[in-house]
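Colleague: Build the 3D model from these lines:
(2 chains)
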2 protein chains.
Amino acid sequence: MASEPSLLVASALSGNRRAAGRLISMIEDDAPQVEQIMRAVYPHTGNAYLIGFTGPPGAGKSTLVDELVRVVRTSDQSVGIIAVDPNSPFTGGAILGDRIRMMRHATDPQVFIRSMGARGHLGGLAVAAQNASFLFDAMGMSLVLVETVGVGQSELEIAEMADTTVVVMPPGFGDGVQAIKAGIMEIADIFVVNKADDPMASKAVSDIRDVLRMDLEHREWTQPIVRTIATSAEGLEDLWMRIQQHRGYLEQSGELRRRRRARIEREIMRIAERKLLERVLQPRTESQEFETMLDLALEHRMDPYAVADHIVSFRDGR
Amino acid sequence: MASEPSLLVASALSGNRRAAGRLISMIEDDAPQVEQIMRAVYPHTGNAYLIGFTGPPGAGKSTLVDELVRVVRTSDQSVGIIAVDPNSPFTGGAILGDRIRMMRHATDPQVFIRSMGARGHLGGLAVAAQNASFLFDAMGMSLVLVETVGVGQSELEIAEMADTTVVVMPPGFGDGVQAIKAGIMEIADIFVVNKADDPMASKAVSDIRDVLRMDLEHREWTQPIVRTIATSAEGLEDLWMRIQQHRGYLEQSGELRRRRRARIEREIMRIAERKLLERVLQPRTESQEFETMLDLALEHRMDPYAVADHIVSFRDGR
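Modeller: Numbering: from 1, shown residues only, chains lettered A, B, ... in the order given. Reported below is the predicted structural model:
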């Protein structure tokens, strides 16, 4: 049967895009075969460089990524793009955007684009993006670009996947320093102020510079601020140079190994957590005793912490 | 010491707003005292009715919620508002918006507003909102309104907290039916089309009606579509009536008890998961053996699933 996971993986790794597409759908749906798929994929990974792009809606990330791909392709590297939109149930943008972008790179067999939305179900979007990036890596893509909207909870998780994280800001991103203080400093390796021909762009650059100056943490890497006009492909060569500089810094300082070790540790912990919950916690909740405790909690005769203590301690004999 | 958690809880429950504010800050920071706080709070909960408001940015949710509070306050019920913005690192809106809204209800001691942002750290925003709602409940608020932006992952979790979920849509919410298909049907008990004086509002109402018609699931509750103009307080009485109708339906059908039982079950599972991870998984990762396996995984000589299997099975002897 052609849909047997290991056959699909073999087919994808030999360059079959339809097989790759089906695998990513299974990854996105969190299908039961995902463990088998990823175990077959994983030994072939480790060669791709991962670049994350994040920033508020309207910053022009998609255009920027597409134009960067053009720059990268002049050096003949193959590129995988994963566009993540956690808010897609409302926007429906993922599907539409995907088709438009597919057409833009349609003639280039070395560019593979896939977009992912939250699909209305909870959890797992960052995991799905991570697994898709492993697949692209195993397929021999030398670069994987992961693009996401905003820096909410799931977006930060996605930024954690990347070797280099680029934060893209539109020229007028609100009330200045206040707007970029929290969260961003931790994840940005490179700042981009896109739409740099806008009158507000210089203000944006100096606002970011002010925030960087306020940062008391000692950093070996000084985060550069790159101005781009993605729609006319300006500044993209500069951005690409900065990304390569950052990669050089990561490699020489040993930071790349540290980041990737932290990434694989998070990946292992995530898998271990899930296995632990499935093997230990779930069976314990399938009991009459648990149902009784639920009723007691609902009637406020037991608090949720007491019930939790009870089910966690079942096997401990406590 | 005045900051002792149980004293703070006693103080908050007797009406001290500063104590409540400090407790919510501890909840938001996921302080070590949270378990102690929530165990003291929980026995006093169960009287508040929780209403969730969600929808895309720009739908006018804050104004709508504020105007609804005015309607509710004519019946002298006390109201707690929790405004959640998972994207606040970028917008900085939570802090600013909070102050403006505080002023709007400043003269009313029966209205308590608190906003929460992602604060740049991962996880826990839905948990913090849930715990804050328990605190408001224990403080004797008869209504708790939880307001959040979008319907990404964390927003859906927040919607799950509510007894009644109101989905607020702006008049021109994009490409019609496509834009509201995924995710929304599952969570909306009541639809609001706000800014109903906009020429696009009728289109929005008929788009939502089309989606409701396509829904094949049998529902005992037919989701109403309410038109409002929050800025001039129009339609708010109607919305409040619909919310009360939905509450009546939930109470009479037994669905309220089912929802609250599911909510307490999720709460218990969340606590149990965390306890299990802290007690079982974390100690196992603090070993030289785990460090060695991490290196093997990094060098692709072991896959993450194999490492995870190994650490999960430590105590099982498998």
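
Colleague: Break chain A down into its domains, please.
Modeller: By the assignment in automatic domain parsing, chain A contains the domains A:1-44, A:45-253, A:287-313.

Colleague: mean pLDDT lowest for which of the ones you listed?
Modeller: Of all the domains of chain A, mean pLDDT reaches its minimum on domain A:45-253 (a mean of 82).

Colleague: Determine which stretch of the domains of chain A is the most buried.
Modeller: Per-stretch averages of neighbours, counted by mean count of other CB atoms under 10 Å in any protein chain shown, single out domain A:45-253 among those, with a mean of 20. For the C-beta atoms, the positions are set from N, CA and C on the backbone; glycine is no exception.

Colleague: what distance separates that domain from the centre of its chain?
Modeller: Between the centre of domain A:45-253 and the centre of its host chain there is 9 Å, according to CA atoms, centre = their mean, to the nearest Å.

Colleague: tell me how far the ends of it are from each other?
Modeller: By CA to CA, to the nearest Å, the extent of domain A:45-253 from end to end equals 22 Å.

Colleague: so residue A:40 sits right up against residue A:5, yeah?
Modeller: Yes. Using CB atoms under 8 Å, residue A:40 is in contact with residue A:5, at 6.9 Å.

Colleague: Show me the residue at the heart of chain A, geometrically.
Modeller: The residue lying closest to the centre of chain A (CA atoms, centre = their mean) is residue A:158, at 2.8 Å.

Colleague: Does it lie in a helix or a strand, and which?
Modeller: Residue A:158 belongs to helix A:153-161 when elements are defined using DSSP states H and E.

Colleague: Just list what the helix or strand just after that helix packs against, helices and strands only.
Modeller: Using DSSP H and E, the helix or strand that directly follows helix A:153-161 along the chain is strand A:164-169. Helices and strands touching strand A:164-169, by 3 or more CB pairs under 8 Å, 6 or more residues apart in numbering or on different chains; DSSP states H and E, are strand A:49-54, helix A:184-187, strand A:190-193, helix A:236-253.

Colleague: could you give the angle of the longest one to strand A:164-169?
Modeller: So that's helix A:236-253. Counting by axes from the mean of the first three to the mean of the last three CA atoms, to 10 degrees, helix A:236-253 lies at 140 degrees to strand A:164-169.

Colleague: Helix A:236-253 packs against which elements?
Modeller: Right, helix A:236-253 is packed against helix A:61-73, strand A:164-169, strand A:190-193, strand A:225-227, helix A:255-276 by 3+ CB pairs under 8 Å, 6+ apart.

Colleague: got a list of contacts for the second one?
Modeller: For strand A:164-169, the surrounding residues in contact (CB atoms under 8 Å, 6 or more residues apart in numbering or on different chains) are A:49-56, A:59-61, A:64, A:151, A:159, A:180, A:184, A:187-194, A:204, A:208, A:239, A:243, A:246-247, A:250.

Colleague: in its sheet, what does that strand sit against?
Modeller: Strand A:164-169 has its sheet partners listed here by DSSP bridges as strand A:49-54 (parallel), strand A:190-193 (parallel).

Colleague: Distance to residue B:21 for those strands - can I get that in JSON lines?
Modeller: Output for the strands paired with strand A:164-169, formatted as JSON lines (distance: least, CB to CB, whole Å):
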{"stretch": "strand A:49-54", "distance to residue B:21": "32"}
{"stretch": "strand A:190-193", "distance to residue B:21": "35"}
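
Colleague: out of those strands, nearest to residue B:221?
Modeller: Set against residue B:221 and scored by CB to CB, these come closest in strand A:49-54, at 38.7 Å.

Colleague: now what about the closest one, what contacts it?
Modeller: With contact meaning CB under 8 Å, 6+ apart, strand A:49-54 is reached by A:61, A:64-65, A:133, A:137, A:142-151, A:155, A:158-159, A:161-168, A:187, A:243, A:247.

Colleague: Next, the angle from it to helix A:255-276.
Modeller: Counting by the same axes, to 10 degrees, strand A:49-54 lies at 80 degrees to helix A:255-276.

Colleague: Restrict strand A:49-54 to CA atoms and write it as CSV.
Modeller: Output of strand A:49-54 as CSV, limited to C-alpha atoms (Å, rounded to 0.1, in the frame of the first residue of the first chain):
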residue,chain,number,x,y,z
TYR,A,49,19.9,25.6,8.5
LEU,A,50,16.7,26.9,10.1
ILE,A,51,15.7,30.6,9.9
GLY,A,52,12.6,31.8,11.7
PHE,A,53,10.7,35.0,10.7
THR,A,54,8.2,36.6,13.1
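
Colleague: Please identify which of the strands paired with strand A:164-169 is closest to residue A:232.
Modeller: That would be strand A:190-193 among the strands paired with strand A:164-169, by CB to CB, at 14.8 Å.

Colleague: and the stretch 201-318 of chain A, which of its residues are near chain B?
Modeller: A:257, A:260-261, A:264-265, A:267-269, A:271-273, A:275-277, A:279-281, A:285, A:293-295, A:297-298, A:300, A:303-309, A:311-312 (CB under 8 Å from any CB of the partner chain).

Colleague: If we use 6 Å, what do you get?
Modeller: Contact residues, the stretch 201-318 of chain A versus chain B (CB under 6 Å from any CB of the partner chain): A:261, A:264-265, A:267-268, A:271-272, A:275-276, A:281, A:294, A:297-298, A:300, A:303-305, A:307-308, A:311-312.
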